[in-house]
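Engineer: no sequence for this one, just the structure:
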């Protein structure tokens, strides 16, 4: 029984990792209606920027804030310079550009920082929280951070005029232009925010999995699955999806199918969920009328 | 008539005159000449195994420096190392290019069990020396059927047996948990381990978990293993996952006797990120000098190594076990080529590689000697158990002979 | 026609290594035709076609290794198996749309290597060790007086299979099936109301595209003479997608251009920059998308139109 609880809690902890990256994916989807495959690499690159700052002697929280600002600018720059030329191109062309971006970022990170793993500090204390032994302070802390991000994101989209403008720009660019929304800048803003969220995700993930250029590739798939299970346009759904995927993966691996096939089975289950609820658990079903 | 006869005779005499000295002194196969020796290599510089790319980088630096000091017997080494991304079809393509287009004399330190399996038959059919493979799979020691392939690493199977025998000797009632990477490398270690435990394997191994290289974390596996109540842990993971495992084992409050496979025993690239304090007590096997070990601070080879990477490969860390490993392999290669002298045929190179007599590779631990014979291509015949004391790996017990 | 003649004489002018590379290009081209049918003409998406390369390759390997079936017979068997598997996968999967279908196919690509390593299937698949195959020898020593070796023979074999597959693809696209697929892609609701059995055709398209990719996989297994789970990563599936888009999404010749791209550009990138070759590759991907949004085939077509004399 004890191990079972431990597995579930460990699942929640890894799920938190998936959830934070899933939030970045949702952010970019809600503002551009594209799923950005390069999101993980942007987050990884941002984490390396933080690592460089910390190694140069900057304090953790200062580096944290600087990294968020730097990633935001990076996101905006990428959108304005690289994505804008293909904004109106067919979806597949955009996907290829994302793949190109992914590969470039990964390669440059490997070149500049090498592929050897690096330890990344955690802002949370080393001791177990409240004497609980099956979750570390860091894991608990990162779940907390993810929840804060979720709250911020949700309120931003629901309650602020800017959030509304962004959603409008993504859903209906032409009409949005007619009411005076600067669609181009909304897209750039979306990318900036997604990059910023990604950087936080990266800084929370790196202490657990160790920093290296391929750090995010395994996580991206799970984050993608999490975002879709929860509903790609629902931040809350994405976070819940992350936890579900994390717990599912752990329980399947430990009790049902063994570690050799757990990834496959987890994904199959997710697809089954999607066949029953095609827009995800909390997504909105879009009905297209002829 | 007379003129033709005269010309023919003159031709014959001059031919004999030229041929005799040539036959007596230098012999070359493709890739070797008076001025250079071409060596080919494939290495994962990109993709999931890119952390090992450091090996190729250090070797390239080594040969570059060697060339600047005159090369081997007056010949420069032309080291061509290509990226195969750890994908076997790409390895096949690149090796074919090296052999058929670049016409290298031999290949050195090709990395990865699947990659090497893909080219194994090709190299032996083409009769090109397939040397000092960067993998410890046991199948490379097969001089009867594959006389052109010779491994380098002490093989994983034997290392697994080493740990099993140690457990049987020190803790015969141990309950063992095993974490292994789900591929050839993990399997090889595990099979050796089981074989070492013999009949008791089934009763002693109480829990076994696997993971894929694409998995983000192995937390769940560690939780399962701990939950089995095991008091001994055999950790068959590659560096990134080894660091995660060491950290997680400590985090969950599990204190087993922890055996770590040699591939991930680097202080700099595994134990430091995991935390030196939580790595105390780890047991492993060592055969190469460790950069982070202060015992070797004044050792001439270690000083040369550190100077080399500082000058030619500044992004490489001296603490990285892959770096010192690559250096050791390069040193072994140079020794074999030196032994070959001016007879640089592929056959002779293999002959020299098969007759290494108690050679102390400068970068290997003192006393760990390399020996081969035409019937046994395993370079390192003894293994040394080591334990981590918080700063460095300390030898304990005597070197054990392994097959 | 000219291209075909050139292709036939090619292997006698270039080294064996290049002949091997040319054969690989042809096998990729077949896979990309499969992708074309699914994504270009049928409007679906797949991020997991690497899985069918794997199924085709392993089918061929297992048949040759365990059952001593001659290599040329494995091709149609692999084609049939992939057709069936693709169709069966398509039936449920194609209820999903867009991103969700992408995830489902992605899941397939990720799951397959795990299945291939699964210990209970090891007796068949060789597990993590993979299967080593014997490279077939040419049936004749010479052809029209020119020397044939293993590489050249396999090249001609691959070329023949490629021509056959391209002809099949051409006929499919021009015919009823192709028109139905295009209708479904562009106006799905109208197509359904016209009586086209949409789910059936979509699954059929998936099955057919899987068949093409399976043939390519079987060929690549024979050429490389080795299969292992590590050969079929997620990155391979993504590479197929990239190749198809770069070549030209709804174009048969595009499959060839795309295949040339994915085979040779990484090598060229490696020559340009040893330090970060994939950064060069990525940059080229992006540049190609900027300058040739309809793929290489599309760009060539536009160029051709510029030089064609205008009719008055």
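Structural biologist: The structure has been received and is ready for your questions. Predicted, not measured: the structure shown is a model, and the values here were computed from it.

Engineer: show the average pLDDT along the helix or strand where residue A:43 lies.
Structural biologist: Under the criterion of DSSP states H and E, residue A:43 resides in helix A:39-55. Taken as a whole, helix A:39-55 has an average pLDDT of 93.

Engineer: that helix and chain C in contact?
Structural biologist: No - counting by C-beta under 8 Å from any C-beta of the partner chain, no contacts exist between helix A:39-55 and chain C, the nearest distance being 10.1 Å. (C-beta placed from N, C-alpha, C; glycine too.)

Engineer: that helix packs against which elements?
Structural biologist: When contacts are defined as 3 or more C-beta pairs under 8 Å, 6 or more residues apart in numbering or on different chains; DSSP states H and E, helix A:39-55 packs onto helix A:2-32, helix A:60-78, helix A:91-113, helix A:183-209, helix A:215-230.

Engineer: so which of these comes closest to residue C:208?
Structural biologist: In terms of C-beta to C-beta, the element of the helices and strands packed on helix A:39-55 nearest to residue C:208 is helix A:91-113, at 19.4 Å.

Engineer: wait, residue B:394 touches residue B:387, no?
Structural biologist: Yes - applying C-beta atoms under 8 Å, one finds residue B:394 in contact with residue B:387, separated by 5.6 Å.

Engineer: secondary structure class for residue A:280?
Structural biologist: coil (DSSP: H, G, I helix; E, B strand; the rest coil).

Engineer: that one and residue A:46, how far apart?
Structural biologist: From residue A:280 across to residue A:46, the span is 27 Å (C-beta to C-beta, to the nearest Å).

Engineer: now residue C:65
Structural biologist: According to C-beta to C-beta, residue C:65 stands 47 Å off from residue A:46.

Engineer: what about stretch C:129-136 and chain B, touching?
Structural biologist: Yes - under the criterion of C-beta under 8 Å from any C-beta, chain B is reached by stretch C:129-136 at C:129, C:130, C:132.

Engineer: run a quick neighbour tally on residue A:91.
Structural biologist: 12 (other C-beta atoms under 10 Å in any protein chain shown).

Engineer: scratch that, residue C:190 is what I was asking about
Structural biologist: Using other C-beta under 10 Å, residue C:190 is surrounded by 12 other residues.

Engineer: ditto for the one 4 residues further on
Structural biologist: The burial count assigned to residue C:194 is 10, neighbours taken as other C-beta under 10 Å.

Engineer: for residue B:80, which three-state class applies?
Structural biologist: Secondary structure state of residue B:80, per three-state DSSP, is strand.

Engineer: next up, the contacts around it.
Structural biologist: Residues near residue B:80 by C-beta atoms under 8 Å, 6 or more residues apart in numbering or on different chains: B:38, B:39, B:40, B:41, B:98, B:102, B:104.

Engineer: which residues of the stretch 51-200 of chain C fall in strands?
Structural biologist: Under the criterion DSSP state E, counting those that start in this stretch, the stretch 51-200 of chain C carries strands at the ranges C:131-132, C:142-143, C:146-147.

Engineer: for residue 91, which residues are in contact?
Structural biologist: Assuming you mean chain A. By C-beta under 8 Å, 6+ apart, the contact set of residue A:91 is residue A:34.

Engineer: I was after chain B.
Structural biologist: B:42, B:84, B:110, B:112, B:115, B:116, B:118, B:119.

Engineer: out of these, grab the one that's most surrounded.
Structural biologist: Highest count within those by other C-beta under 10 Å belongs to residue B:115, 32 neighbours.

Engineer: can you tell me the closest non-neighbouring residue to that residue?
Structural biologist: Sequence neighbours aside, residue B:91 is the residue nearest to residue B:115 in space, at 4.0 Å (criterion: C-beta to C-beta, 6 or more residues apart in numbering or on different chains).

Engineer: how many residues are close by the residue nearest to residue C:153 when sequence neighbours are not counted?
Structural biologist: Nearest residue to residue C:153, sequence neighbours excluded (C-beta to C-beta, 6+ apart): residue C:138, at 3.4 Å. Other residues near residue C:138 number 17, with proximity taken as other C-beta under 10 Å.

Engineer: wait, isn't residue C:138 in contact with residue C:152?
Structural biologist: Yes - because the distance of 7.1 Å satisfies C-beta under 8 Å, residue C:138 is recorded as touching residue C:152.

Engineer: give the residues shared as contacts by the two.
Structural biologist: Here residue C:138 and residue C:152 have no joint contacts, going by C-beta under 8 Å, 6+ apart.

Engineer: picking that back up, helix or strand: which one has the residue nearest to residue B:115?
Structural biologist: Residue B:91 belongs to helix B:88-96 when assigned by DSSP H and E.

Engineer: next one: residue B:46
Structural biologist: Under DSSP H and E, no helix or strand contains residue B:46.

Engineer: ok, it - contacts?
Structural biologist: Residue B:46 sits next to A:107, A:110, B:53, B:83, B:85, C:277, C:278 when contact means C-beta under 8 Å, 6+ apart.

Engineer: now, the residues you listed that are in helices?
Structural biologist: The members of the contacts of residue B:46 that map onto helices under DSSP state H are A:107, A:110, B:53, C:277, C:278.

Engineer: name the nearest residue to the last one, ignoring sequence neighbours.
Structural biologist: Same thing as residue C:278. Using C-beta to C-beta, 6+ apart, the closest residue to residue C:278 is residue A:107 (3.8 Å).

Engineer: also the second one?
Structural biologist: Distance criterion C-beta to C-beta, 6+ apart; nearest residue to residue A:110, sequence neighbours excluded, is residue A:213 at 4.5 Å.

Engineer: so the one you found sits in a helix?
Structural biologist: No - if the criterion is three-state DSSP, then residue A:213 is coil and not within a helix.

Engineer: that one touches residue A:116, doesn't it?
Structural biologist: No - the criterion here is C-beta under 8 Å, and residue A:213 misses it with residue A:116 at 10.0 Å.

Engineer: more neighbours: those two, which one.
Structural biologist: Of the pair residue A:213 and residue A:116, residue A:116 is the one with more neighbours under other C-beta under 10 Å, namely 28 against 25.

Engineer: now the more buried one. Nearest residue, chain neighbours left out?
Structural biologist: Closest to residue A:116 by C-beta to C-beta, 6+ apart is residue B:269, at 5.2 Å.

Engineer: give me phi/psi at residue 214?
Structural biologist: I went with chain A, as the question did not name one. In terms of degrees, to the nearest 10, the main-chain angles of residue A:214 are phi -90, psi 10.

Engineer: equivalent analysis for residue B:359, please.
Structural biologist: Note on residue B:359: backbone dihedrals following degrees, to the nearest 10 are phi -90, psi 130.

Engineer: burial of the closest residue to it other than its chain neighbours, as a residue count?
Structural biologist: With C-beta to C-beta, 6+ apart as the criterion, residue B:359 has its nearest non-adjacent residue at 4.6 Å, and that residue is residue B:370. Residues near residue B:370, counting by other C-beta under 10 Å, number 20.

Engineer: partners of residue B:370 in the sheet?
Structural biologist: Applying DSSP bridges to residue B:370 gives these bridge partners: residue B:359, residue B:380.

Engineer: which one of residue C:65 and residue A:46 has more residues nearby?
Structural biologist: Neighbour count, other C-beta under 10 Å: between residue C:65 and residue A:46, residue A:46 has more, with 25 against 16.

Engineer: would you mind measuring from the more buried one to residue A:222?
Structural biologist: The gap separating residue A:46 from residue A:222 is 19 Å, by C-beta to C-beta.

Engineer: over to residue B:324?
Structural biologist: 36 Å.

Engineer: neighbour count winner among those two?
Structural biologist: Neighbour count, other C-beta under 10 Å: between residue B:324 and residue A:222, residue B:324 has more, with 30 against 27.

Engineer: so the more buried one touches residue B:292, yeah?
Structural biologist: No - assessed by C-beta under 8 Å, residue B:324 is found out of contact with residue B:292, at 9.8 Å.
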